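A.B. asks: based on what follows, work out the 3D shape:
(chains A, B, C and D)
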2 protein chains.
Amino acid sequence: MTAFRPAATRCLDCGLHKLCFPPSFDEHALNRISQLVAQPSAFAKNETVYRLGDSMTALYAVRSGALKTSVLLPSGEEQITGFYLPGEVIGLDNMGQSHCASTATALEKTTLCELPVNGISQLSQQLPELQGHLFQIMSTELRQDYQRMHLMAQASAEVRVVSFLLGLSARQQQRHLATNELRLSMGRADLANHLGLALETVSRALSQLADDGLIEVSGKNIRIIHAEQLAERVAADCHSS
Amino acid sequence: MTAFRPAATRCLDCGLHKLCFPPSFDEHALNRISQLVAQPSAFAKNETVYRLGDSMTALYAVRSGALKTSVLLPSGEEQITGFYLPGEVIGLDNMGQSHCASTATALEKTTLCELPVNGISQLSQQLPELQGHLFQIMSTELRQDYQRMHLMAQASAEVRVVSFLLGLSARQQQRHLATNELRLSMGRADLANHLGLALETVSRALSQLADDGLIEVSGKNIRIIHAEQLAERVAADCHSS
DNA sequence: CGTAGCATTGATTCTCTTCAAGAGGTGTGG
DNA sequence: CCACACCTCTTGAAGAGAATCAATGCTACG
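C.D. replies: Numbers count the residues shown, from 1 in each chain, chains lettered A, B, ... in the order given. Now for the predicted structure:
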């Protein structure tokens, strides 16, 4: 898309800064934060940013690419807790903790900004707006989790898939991208795991939606044809119960 | 148990302060916090502490009793996001937000300490340890949600129920109560909703566990007979997949 | 061009839900 | 104190939905 540019070392120069931080942040605050941000680092597909048990904890803002976060159980089971796109922040569950409880893995070539939690904590002592923003993104994460609990607890397979697609679409809108052209950076297995379904069930749900003419599926690329009808299916499921 | 005492207005005098705040908090910090805490207020069964859309937001520390938090959907569906016992804090999902996204309802006669979020935010600017503690309880909440997602996504009905019972037992231990004598302050319907199961399925799971001699069920009172065998069933389910 | 990994589709099985009835317990009023 | 109604919980039988098992098709990459 855009021509290659050397990595910005200042948040102000980053096209994503309005996503990472609210518009109310003034230049001064952003500069202070910039001093904390480590040089953006690149991760290859399947590379882990941090893993369960790591002691060095930091927040990471996604700059490009995509990644998943997951909790690993002793038995080796994996539960994918979220997928993260440019402008989103991972590692919130490490704030105030000494060790990582989850693992973050790049789904494709991904670049990140690293914000050490210690530095962020100290800086937010001086910048009330930063502290407020941290509280806000953490509580927002909590709220999203609650919504997803409801999905996992009550929704049918189709509704789970549709909700995911619409959620992705909404996040693309925030990044000023097309809302009807989705690219799933994760495989079907990861998606199924995240939604609490079997891989085959996800595939069937997508095929069904395609048969009904609501979406077009071509591997990892999905085109939303009738967003409204998709939304109706989610709502219909709610009303029926 | 203990003789009646007038409600403590200082956190220091509250027997629960070691649960609400880490032991590292010194007397000075606790006194500062105490000044923020509104007089403990009592709520009757089924009374709401705050509801979806309320603008006045605060954190609440449970002093006695029990309550549930839930998200309500436009369609009227309810998803219970958590049950909270003495020494635990609710309203974390309102930090940094202007309106409540969830509803908190007392399950029985319940007393709470109210901590206005504005005051808490301002105070945590001056007390780094308070800010750190807030970050910690929020991230701990996130971590617990991730565990519960895994439960909802992958676990069988029996494992969900067993996990809930063992979790309750562990929380009682933190309060220095017996770990094998549980009292479910919520009804079967609320429990089922929270675990993403049908009411009948929860009832059947409890009956099955009782038949197997692992627990004794008497209405809302549950006695854990073989905690280890219960834990094994959770582990067994993990290994099988 | 062939292989390996990923995705789709089909058939079967199983768990949980749903519908339905009955038991237990509690609170109120006679 | 008992009787009745109400509510919650338990139990049973039938059915739906998703998981699993299994095979085929597709795509990408060496």
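
A.B. asks: hang on, residue A:132 packs against residue B:98?
C.D. replies: No. Using CB atoms under 8 Å, residue A:132 is not in contact with residue B:98, being 11.1 Å away. No exception for glycine: its C-beta is placed from N, CA and C like everyone else's.

A.B. asks: pass me the low-pLDDT residue ranges in chain A, would you?
C.D. replies: A:1-8, A:237-241 (pLDDT under 70).

A.B. asks: center of it, which residue is that?
C.D. replies: residue A:84 (2.1 Å; CA atoms, centre = their mean).

A.B. asks: who's residue A:114 bridged to?
C.D. replies: residue A:38, residue A:60 (DSSP bridges).

A.B. asks: hmm, the top helix by length along chain A touching chain B?
C.D. replies: What stands out as the longest helix in chain A, according to DSSP state H, is helix A:128-154. Yes. Legend: contact between helix A:128-154 and chain B by CB under 8 Å from any CB of the partner chain is shown at A:128, A:131-143, A:145-150, A:152-154.

A.B. asks: so for residue A:132 and residue B:98, which sits in the more crowded spot?
C.D. replies: For residue A:132 versus residue B:98, neighbours defined as other CB atoms under 10 Å in any protein chain shown are more numerous around residue A:132 (18 against 10).

A.B. asks: taking the residues of helix A:128-154 next to chain B, please make a ChimeraX selection of just the buried ones.
C.D. replies: Of the residues of helix A:128-154 next to chain B, the buried ones go into a single ChimeraX selection, burial set by 16 or more other CB atoms under 10 Å in any protein chain shown:
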select /A:131,132,133,134,135,137,138,139,140,141,142,143,145,146,147,148,149,150,152,153,154
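
A.B. asks: wait, a strand at residue A:69?
C.D. replies: Yes. Counting by DSSP: H, G, I helix; E, B strand; the rest coil, residue A:69 is located in a strand.

A.B. asks: shouldn't it be in contact with residue A:89?
C.D. replies: No. Here residue A:69 lies out of contact with residue A:89, judged by CB under 8 Å, at a distance of 11.0 Å.

A.B. asks: quick one: the helices in chain A, in order.
C.D. replies: Going by DSSP H, chain A shows helices at A:17-20, A:27-36, A:117-126, A:128-154, A:157-174, A:188-195, A:199-211, A:227-240.

A.B. asks: returning to what we had before: check which helices and strands the longest helix of chain A is in contact with.
C.D. replies: helix A:27-36, helix A:117-126, helix A:157-174, strand B:67-72, strand B:78-84, helix B:117-126, helix B:128-154, helix B:188-195 (3 or more CB pairs under 8 Å, 6 or more residues apart in numbering or on different chains; DSSP states H and E).

A.B. asks: of all these, which one is nearest residue A:196?
C.D. replies: Nearest of these to residue A:196, taken as CB to CB: helix B:128-154 at 3.2 Å.

A.B. asks: residue A:111: neighbour count?
C.D. replies: Residue A:111: 16 surrounding residues under other CB under 10 Å.

A.B. asks: quick one, what contacts the nearest residue to it once chain neighbours are set aside?
C.D. replies: Spatial nearest neighbour of residue A:111, chain neighbours left out: residue A:63 (4.3 Å); criterion: CB to CB, 6 or more residues apart in numbering or on different chains. Contact analysis of residue A:63 by CB atoms under 8 Å, 6 or more residues apart in numbering or on different chains lists A:14, A:16, A:40, A:86, A:110, A:111, A:112, A:113.

A.B. asks: the third one and residue A:86 touch, don't they?
C.D. replies: No. Residue A:40 is not in contact with residue A:86 according to CB under 8 Å; the separation is 11.7 Å.

A.B. asks: more neighbours, those two?
C.D. replies: In terms of neighbours (other CB under 10 Å), residue A:86 is the more surrounded of residue A:40 and residue A:86; the figures are 21 against 17.

A.B. asks: and the gap between the closest residue to the more buried one other than its chain neighbours and residue A:43?
C.D. replies: Once flanking residues are discounted, residue A:86 sits nearest to residue A:62: 5.0 Å by CB to CB, 6+ apart. Distance from residue A:62 to residue A:43, counting by CB to CB, to the nearest Å: 10 Å.

A.B. asks: who touches both of the two?
C.D. replies: Common neighbours of residue A:62 and residue A:43 (CB under 8 Å, 6+ apart) are A:110, A:111, A:112.

A.B. asks: skipping adjacent residues, who's closest to residue A:204 in space?
C.D. replies: residue A:157 is the one closest to residue A:204 (CB to CB, 6+ apart), at 7.7 Å.

A.B. asks: surely the one you found meets residue A:205?
C.D. replies: Yes. At 5.3 Å, residue A:157 and residue A:205 qualify as touching, with contact defined as CB under 8 Å.

A.B. asks: ok, these two, which is more surrounded?
C.D. replies: Using other CB under 10 Å, the more surrounded residue of residue A:157 and residue A:205 is residue A:205, with 22 against 17.

A.B. asks: quick check: closest non-adjacent residue to that one.
C.D. replies: Leaving aside its chain neighbours, residue A:205 sits nearest to residue A:161 (4.2 Å; criterion: CB to CB, 6+ apart).

A.B. asks: spit out the contact partners of the one you found.
C.D. replies: Neighbouring residues of residue A:161 by CB under 8 Å, 6+ apart: A:195, A:197, A:202, A:205, A:206, A:209.

A.B. asks: just put those residues in CSV and tack on distance to residue B:229.
C.D. replies: CSV is the format used below for those (distance: CB to CB, whole Å):
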residue, distance to residue B:229
A:195, 32
A:197, 30
A:202, 35
A:205, 38
A:206, 41
A:209, 44
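
A.B. asks: show me which of those residues neighbour DNA strand D.
C.D. replies: Within the set of the contacts of residue A:161, contact with DNA strand D (CB under 7 Å from any atom of the strand) is found for residue A:197.

A.B. asks: of the contacts of residue A:161, closest to DNA strand C?
C.D. replies: Within the contacts of residue A:161, distances to DNA strand C taken as CB to the nearest atom of the strand reach their minimum at residue A:206, with 5.4 Å.

A.B. asks: I'd like the distance between that closest one and DNA strand D.
C.D. replies: According to CB to the nearest atom of the strand, to the nearest Å, residue A:206 stands 13 Å off from DNA strand D.

A.B. asks: neighbours around that residue, how many?
C.D. replies: 20.

A.B. asks: in this structure it contacts residue A:216, no?
C.D. replies: No. Contact status for residue A:206 versus residue A:216: not in contact, 10.1 Å apart, counting by CB under 8 Å.

A.B. asks: where do the contact lists of those two overlap?
C.D. replies: Counting by CB under 8 Å, 6+ apart, the residues touching both residue A:206 and residue A:216 are residue A:222.

A.B. asks: circling back: ok, the residue nearest to the centre of chain A - contacts?
C.D. replies: A:62, A:66, A:67, A:68, A:69, A:90.

A.B. asks: try it again with 7 Å
C.D. replies: Applying CB atoms under 7 Å, 6 or more residues apart in numbering or on different chains, we find residue A:84 in contact with A:62, A:66, A:67, A:69, A:90.
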